[in-house]
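# sequence and computational prediction follow.
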Amino acid sequence: MTTLTLAKALNAGLRRALADDDRVVLMGEDIGTLGGVFRVTDGLKAEFGAHRVVDTPLSEAGIVGTAVGLAYRGFRPVIEIQFDGFIYPGFDQIVAQVAKLHYRSRGNVRMPITIRVPFGGGIGAAEHHSESPEAYFAHTAGLRVVACSNPADAYMMVRQAIASDDPVLFFEPKRRYHVKGEVDESASLADAPPMGVATTVATGRDVTLVTYGALVQTARDAALAAAEDGISIEVIDLRSLAPVDYATVAASVRRTGRLVITHEAGQQGGVGAELAASITERCFEYLEAAPVRVTGHDIPYPPAKLERHHLPDLDRILDGVDRVMGRPNSLSGVEA
């Protein structure tokens, strides 16, 4: 086992993929000489050469389009979108081409493209640098959408994404890049749980709390705080947003009878809305209360000085737990 930050774990996973398969090519803005704005690809150009770690022009549509051509030729391109909000110029390529070519060609063409996207807020950055666009892609048939939350998953899931014959949107919680954890760099892909399987990171009996990405740590903190008040929370790291591991979530909700979902993206049309609807359909007779969503507000991402009011935090998540438990909360108008 090696102690690595999440960013270093991604770097190690990319290095392993480059070493294991000559068809793997990394592309992105400033990923080579600079090592990326978050230094996730630091040192890889020097080790594997400029033909394997490619600095591209500032054109997301061009980057994605080039990846499509490489995939046609049998390569496994891994592209970095420098910031979440920069993905939109490549949106048409992703949803109209990358997601559909396998189906359109009756299975004759595969698009083994991994699209790395640092996402979410909490780093004091500007609009277009702190967004959560995952729901756009989870809505698009033909794409796999995943989000890592810790170094061990980052290392293994990025390797799984690159090895997948399906195109993968790989969301990385940028405010957790410096969080450290144990990583088994000797592990093979066969040793790891499938990329699409959710993980129960804390067991509980009263409430199921589902999240992904940066908020997994916040949710675990909420579970610890709630335990001091006698409430037992089960925390599930979704990991995969498309497809969703509904079996794991539903099994938990059938035990607890209550569901809280939290994510940084806005509430309207978000991943939490689909999850709430789908679990209600599957578990209606088990629910003791309506599912609760704790999300970012339905506004453009605010200035850095206001983002702490926008992002779900420990207090807002615990307030959501109070709501689903029927305890006094911010909406009840009754003080605890």
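Cool, the structure landed. Residues are numbered from 1 along each chain as shown.
# contact partners of whatever helix or strand Ala19 lives in?
Using DSSP states H and E, Ala19 falls within helix 6-20. Applying CB atoms under 8 Å, 6 or more residues apart in numbering, the external contacts of helix 6-20 come out as 2, 4, 24, 26, 38-44, 47-48, 52-53, 76, 78, 116, 148, 150-152, 154-159, 162-163, 172-173, 176-179, 181, 183, 185. Every residue, glycine included, has its C-beta placed from N, CA and C.
# please repeat the previous calculation with a cut-off of 7 Å.
With contact meaning CB atoms under 7 Å, 6 or more residues apart in numbering, helix 6-20 is reached by 4, 24, 26, 38-42, 44, 48, 52, 78, 150-151, 154-155, 158-159, 162, 172, 176-179, 183, 185.
# derive a PyMOL selection command for the buried subset of the residues you listed.
The buried residues among the contacts of helix 6-20 can be selected in PyMOL (16 or more other CB atoms under 10 Å) with this line:
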select buried, resi 4+24+26+38+40+41+44+48+52+78+150+151+154+155+158+159+162+172+176+177+179+183
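# filter the contacts of helix 6-20 down to the ones in strands?
The members of those that map onto strands under DSSP state E are Leu4, Val24, Leu26, Val78, Glu172, Val183.
# leaving out sequence neighbours, find the closest residue to the fourth one.
I take that to be Val78. Nearest residue to Val78, sequence neighbours excluded (CB to CB, 6 or more residues apart in numbering): Thr114, at 4.5 Å.
# what residues are bridge-paired with the one you found?
Note on Thr114: beta-bridge partners Val78, Val168, judged by DSSP bridges.
# report the contact partners of it.
So, once contact is read as CB under 7 Å, 6+ apart, Thr114 ends up touching Val78, Ala161, Ile162, Val168, Phe170.
# on that earlier part again, buried set for the helix holding Ala19?
6-18.
# repeat that for stretch 289-305.
In stretch 289-305, counting by 16+ other CB under 10 Å, buried: Pro291, Val292, Arg293, Val294, Thr295, Gly296, Tyr301, Pro302, Ala304.
# ok, of those, which one's closest to Gly122?
Checking the buried residues of stretch 289-305 against Gly122 with CB to CB, the nearest one is Ala304 at 9.9 Å.
# centroid residue for this structure?
Residue closest to the average C-alpha location in the chain (CA atoms, centre = their mean): Ala147, at 1.9 Å.
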